[in-house]
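Engineer: Kindly generate the corresponding structure for this input.
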Amino acid sequence: MRMSFHRGILTFFILLSILSILPVRTHAQENVPQNIIAQIDDGYAIHFPELLKQVNDYNYLLLYKITKTHAFDSALHNLLYDRLKVIDFFDRGLNANEGELNKFRRSINEELVIQYYSSEFQNKLVGDQSVREAYEAMKKEVVYQQIVLNKPEYASSKELNDLDSVARDIKRKADRGRDFTELVRQYSRDAESLRTNGVMPAINWKQSLTNPMSSDVFNLAVGKTQILEDGRSFHIVKVLRIDQKKVEPFELVKDDIRKSLEERYQALSAQRFDSTKKAFIDEKKVTWYKEGLQQVLQASHIPQAGQVSYADTLRNRLSQGYNPLILRYPQGAVDLKEYLRLYEEVLAFNPSSSLREVDLKKYVLEAVRTNSMVTKAKRLGLEKTIFNQKTNNPVIRNQIIRMYDREVIDGQIPQPTEQALKEFYETNKDSLFYQLAKVNIYAIVDSSKGYIDELKHKLDQHTPYEKLAPELLVRTFIRKRDGVIASYLFTEPPFLGEAALTLKPSETAGPIEYFDPKKGKQYALIKCIAAQAEKQLTYNEVEKTITAKFTEFHRARIAAMVQDQLEKKHSIIIYHDVLKKDLSLIGINEQ
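Structural biologist: Reported below is the predicted structural model:
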């Protein structure tokens with residue numbers, strides 16, 4: 001049985017689980033300018049990478065095909081609106097609504113665990129001091145000599161011990177002043193080192209991060225010798241000199257240094273975090289309660305689709321006064337009520353009929369351990385760093401926006417009573433409920449009239465239209481109230497619209513000649529797939545869809561009103577010159 005935890009976070013079977021939730025920096029992101037492109041009031045800034053992420057994540061370049069700059073302008077407009085919602089969320093005191101907050105409490109807690117990992121594990125290894133020390137280390141390159149003693153293939157313990165003794169003897173001679181070059185010539189078994197008298201290419205700081213042997217050499221003082229060993233050989237090394245190299249100013253390279261250190265210590269940080277989390281519960285001192293375990297297992301075996309949810313099943317049992325113990329451990333206990341809280345607020349999984357007791361126990365232990373990390377994070381005040389008006393945490397920000405929309409916008413939508421719907425219909429029937437003439441067609445298009453004539457002949461000989469050509473174009477056209485024909489959901493001019501709108505379903509027409517400014521004279525054979533007539537729809541005809549249109553209409557109206565109010569309430573500055581410059585740096589110029 002495979003257990004699926006929400007967002008894949010903190011799975012308890014693997015050490016590297018924490019690595020999957022760390023932020024990933026791509027090469028493209030490293031070259032993106034970090035400039036502030038917009039600001040709200042005095043302290044709410046939007047930087048260019050945030051805008052670029054918005055454009056890429058939500059496919060603005062596909063949605064706004066007129067110009068690329070239009071796509072970025074639209075994305076920035078939506079970013080500003082979303083940021084205003086977050087600010088207003090706290091201004092309205094919605095952050096104090098515990099009932100609503102509990103709906104995304106798990107998201108907050110998951111982000112808290114990540115913050116705790118970063119603060120207490122990753123940053124302890126990659127803090128400001130270690131970044132500064134690494135910057136000083138970047139200024140040097142270590143030049144060294146080495147003697148290589150290759151290990152025999154399938155070497156016995158005795159052979160390895162003998163080789164180790166030789167290495168120690170060589171080091172003693174070097175430490176007593178013997179010329180290291182002579183020792184290289186006498187003992188080294190590596191052709192490359194013999195060719196260079198053992199002098200190896202200089203090791204820099206970045207190389208020292210990627211290889212343990214390089215790290216050992218890089219940290220030796222001038223004149224010092226050391227024996228190093230890898231899977232294939234013993235190395236007796238001596239530092240000849242340390243060269244100084246010119247590096248860029250600290251402010252320009254500190255982020256790159258931090259990234260390199262994070263990569264270097266990622267596994268170690270995760271290992272320490274995982275060990276700390278596991279140590280919270282001594283499994284030898286745990287008591288499990290069969291009755292409570294069976295109740296949870298039975299609830300997970302109830303089919304959920306279209307019926308009462310897993311959480312509701314547990315709530316129903318609690319409402320009946322039934323709250324059995326599931327687990328007792330030295331620091332506390334888990335009963336059915338606490339289990340439900342852990343499931344809803346800390347660590348979720350997908351309950352199923354295949355859930356076994358052993359899997360349930362693993363889940364409960366992991367949930368309790370994860371909850372201990374949440375508690376530690378709260379005690380350190382880390383919740384305030386991600387749940388605030390200026391939050392840059394995308395998960396928390398998106399949850400705040402959803403809650404804001406639900407409370408502020410959806411909360412103002414009128415109830416769709418029968419009277420309200422009929423009034424809505426009467427007010428909007430000439431616009432929302434007037435059905436334009438529309439036709440959907442297949443089209444075969446070619447620059448050769450002879451080819452289209454040939455297809456028309458096959459069609460007349462009863463060859464099915466769909467088998468005439470390997471490629472069929474799909475086009476939709478509408479006739480507006482003023483009689484103008486337009487392409488629908490397509491940017492191409494309505495070349496075939498007039499002919500298409502004369503057809504009934506399954507009727508064909510062609511060859512149709514038209515002129516495409518890009519391709520020249522074209523010929524088409526078309527077939528009507530579906531058609532709707534122009535007419536005023538009655539209330540009875542729209543009765544099944546009018547509630548959705550009513551809600552959609554008022555949601556859009558209220559959202560626009562709220563946006564206008566927020567923009568008037570706050571000072572918004574867009575640095576158009578900076579945005580234009582940043583766009584040019586990634587190859588987008590005004591079109």
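Engineer: Helix or strand with the lowest mean pLDDT in this protein?
Structural biologist: Lowest by mean pLDDT, DSSP states H and E among the helices and strands of the chain is helix 27-30, with a mean of 40.
Engineer: Read off the pLDDT value for residue 443.
Structural biologist: Note on residue 443: pLDDT of 97.
Engineer: oh sorry, the question was meant for residue 256
Structural biologist: Residue 256 is assigned a predicted lDDT (pLDDT) of 87.
Engineer: doesn't it fall inside a strand?
Structural biologist: No. Read with DSSP: H, G, I helix; E, B strand; the rest coil, residue 256 is helix and lies in no strand.
Engineer: Residues in contact with stretch 436-454: which ones?
Structural biologist: 455, 465-466, 468-469, 471-481, 488, 496, 500-501, 503, 510-511, 513, 519-534 (CB atoms under 8 Å, 6 or more residues apart in numbering). The way it works is simple: take the backbone N, C-alpha and C, and place the C-beta from them, glycine included.
Engineer: and the residues you listed, which are buried?
Structural biologist: Burial by neighbour count, judged by 16 or more other CB atoms under 10 Å, picks out 455, 465, 468-469, 472, 475-479, 496, 500-501, 503, 510-511, 522-529, 531 from the contacts of stretch 436-454.
Engineer: low pLDDT regions in the chain?
Structural biologist: For the chain, the stretches with pLDDT under 70 are 1-33, 64-66, 303-308, 590-591.
Engineer: Domain map for it?
Structural biologist: As recorded under automatic domain parsing, the domains making up the chain are 140-244, 437-536.
Engineer: Same list (those) but as CSV, adding distance to residue 580.
Structural biologist: Below are those laid out as CSV (distance: least, CB to CB, whole Å):
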stretch, distance to residue 580
domain 140-244, 35
domain 437-536, 26
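Engineer: Which one, of those domains, ends up nearest to residue 107?
Structural biologist: In terms of CB to CB, the element of the domains of the chain nearest to residue 107 is domain 140-244, at 34.1 Å.
Engineer: and the closest one, how far apart are its ends?
Structural biologist: Taking CA to CA, to the nearest Å, the first and last residues of domain 140-244 lie 5 Å apart.
Engineer: again, but for stretch 422-442
Structural biologist: Across stretch 422-442, first to last residue, CA to CA, it's 38 Å.
Engineer: now swap in stretch 482-498 and tell me
Structural biologist: 14 Å.
Engineer: The closest residue to residue 55 other than its chain neighbours sits in which helix or strand?
Structural biologist: Nearest non-adjacent residue to residue 55, counting by CB to CB, 6 or more residues apart in numbering: residue 75, 4.7 Å away. Assigned by DSSP states H and E, residue 75 belongs to helix 68-91.
Engineer: That helix: how far from the chain's middle?
Structural biologist: The chain centroid and the centroid of helix 68-91 are separated by 19 Å under CA atoms, centre = their mean, to the nearest Å.
Engineer: buried ones in it?
Structural biologist: Buried, per 16+ other CB under 10 Å, within helix 68-91: 68-69, 71-76, 79-80, 82-90.
Engineer: that older thread, out of the buried ones among the contacts of stretch 436-454, which sit inside strands?
Structural biologist: 475-479, 510-511, 522-529, 531 (DSSP state E).
Engineer: picking up where we left off before, and of the domains of the chain, who's closest to residue 250?
Structural biologist: Of all those, domain 140-244 comes closest under CB to CB, at 13.6 Å.
Engineer: residue boundaries of the strands in the stretch 351-500 of the chain?
Structural biologist: In the stretch 351-500 of the chain, the segments counted as strands under DSSP state E, counting those that start in this stretch are 434-435, 437-446, 473-479, 485-487.
Engineer: So what would you say the end-to-end distance of stretch 195-206 is?
Structural biologist: 26 Å.
Engineer: That stretch: which residues count as buried?
Structural biologist: In stretch 195-206, residues buried by neighbour count (16+ other CB under 10 Å) are 198, 199, 200, 202, 203, 204, 205.
Engineer: list the contacts for the third one?
Structural biologist: By CB under 8 Å, 6+ apart, residue 200 lies in contact with 143, 144, 145, 146, 193.
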